[in-house]
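Visitor: I would like the atomic coordinates for the input below:
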Amino acid sequence: MYRFYLIIFSFLMSLSVSSMVNAGPQEDLLAYQKYFKKKFPNLSSVDLSNGMYNFNKDKREQWEEIMSFPPYEIAIDAGEELFAKPFKNGNTYADCFEKGGIAIAHTYPRFNQQLGKVTTLAGLINDCRVKNGEKPLPYLKGKLASILAYMAETSRGKAISVEVPNDAAALAAYEDGKRIYFTRRGPRAFACYHCHWEAAGSKIRGNELSTAIGQATHFPVYRSKWGGMGTIQRRYKGCMKNIGAKPLKQQTEAMNNLEYFHTFLSNGIPMNAPGSRF
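Guide: Model (predicted):
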């Protein structure tokens, strides 16, 4: 715990914002944006959504070539078909969401004040299924990831807009997600912060590390390593395994709070999901 506070103290000092000790989400966001702008002055907010491809010319060219025929297009088509297919009771996913589920993906996760917890779009898709007498889908890949891909495509180009209401429980969820993000985990004592904040733009295992700001804009994502689509929580679990830590379970309060904070970091950056990564 002492080492954790040293990390936070060092981070705050690097931003020259000691007043952030009692800062709220908006103050955090301004300071975080300032940090990355100072670290990468030549990258626009839109550039940051391109992740590792900002830092390797050869990989950028390969990625741009792949994007001529995006590998996620099949998932979008499959997701659209699944989204429109009626349940046994005649309802569809559109009946469960405002605006029929179109162009809302950039506003999730959300804090549901009625339920007193963070709700993710993936979680609501399965809630919709259960309410309509259907079995839930696996959260990390497969059909659910395809449905997310279709819903994300309808929000492409819209700025990420995750809200943290002025509500004690919402602020607590945000702070919990932030705590998880900055906490060292596993035998190597790594935090998300170390790779995608402190070492952003550097290499690890031959790959360039993307910036924390902008990462959430391209999920769900098609990864060549996976050979298919995956959700953002699938990526979290993979990162946790990579550092030797026990992964948080998908769609738990802790994992959803992490997604809430992490996605909030990309507020204002246009959504470009689904995305494609190596």
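Visitor: element containing Cys128?
Guide: Applying DSSP states H and E as the criterion places Cys128 in helix 121-131.
Visitor: Can you tell me what sits against that helix?
Guide: Contact with helix 121-131 is made by 87, 93, 95-97, 104-105, 108-109, 135-137, 139, 144, 147-148, 151, 231, 233, 251, 256, as judged by Cβ atoms under 8 Å, 6 or more residues apart in numbering. Quick note: C-beta positions are derived from backbone N, CA and C, even for glycine.
Visitor: Return the set of buried residues in the helix or strand just after it.
Guide: Tracing the chain past helix 121-131, the next element assigned as helix or strand by DSSP H and E is helix 143-153. Using 16 or more other Cβ atoms under 10 Å as the test for burial, helix 143-153 gives 144-153.
Visitor: Need the residues you listed in a markdown table (columns: pLDDT and distance to Arg179).
Guide: Output for these, formatted as a markdown table (pLDDT from 0 to 100; distance: Cβ to Cβ, whole Å):
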| residue | pLDDT | distance to Arg179 |
| --- | --- | --- |
| Leu144 | 98 | 28 |
| Ala145 | 98 | 28 |
| Ser146 | 98 | 32 |
| Ile147 | 98 | 31 |
| Leu148 | 98 | 26 |
| Ala149 | 98 | 30 |
| Tyr150 | 98 | 33 |
| Met151 | 98 | 29 |
| Ala152 | 98 | 27 |
| Glu153 | 98 | 33 |
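Visitor: Looking at those, which one is closest to Gly24?
Guide: Sorting the buried residues of helix 143-153 by how near they are to Gly24, with Cβ to Cβ, puts Ala152 at the top with 28.0 Å.
Visitor: That closest one touches Thr217, doesn't it?
Guide: No. In this structure, Ala152 is not within contact of Thr217 by Cβ atoms under 8 Å, at 9.5 Å.
Visitor: joint contacts of those two?
Guide: Any residue near both Ala152 and Thr217 by Cβ under 8 Å, 6+ apart counts here, and that gives 271, 273.
Visitor: Dihedrals phi and psi, the closest residue to Thr217 other than its chain neighbours?
Guide: Across the structure, with Cβ to Cβ, 6 or more residues apart in numbering as the measure, the residue nearest Thr217 apart from its sequence neighbours is Ser49 (4.2 Å). Phi and psi for Ser49, reported as degrees, to the nearest 10, are phi -70, psi -10.
Visitor: What separation do you get for Ser49 and Pro274?
Guide: Counting by Cβ to Cβ, to the nearest Å, the gap from Ser49 to Pro274 is 13 Å.
Visitor: quick one, which of those two is more surrounded?
Guide: Pro274 (29 against 26; other Cβ atoms under 10 Å).
Visitor: From the centroid of the chain, which residue is nearest?
Guide: Closest residue to the average C-alpha location of the chain: Ala216 at 3.3 Å, with Cα atoms, centre = their mean.
Visitor: For it, give me its contacts.
Guide: Residues touching Ala216, when contacts are defined by Cβ under 8 Å, 6+ apart, comprise 160, 232, 259, 262-263, 265-266.
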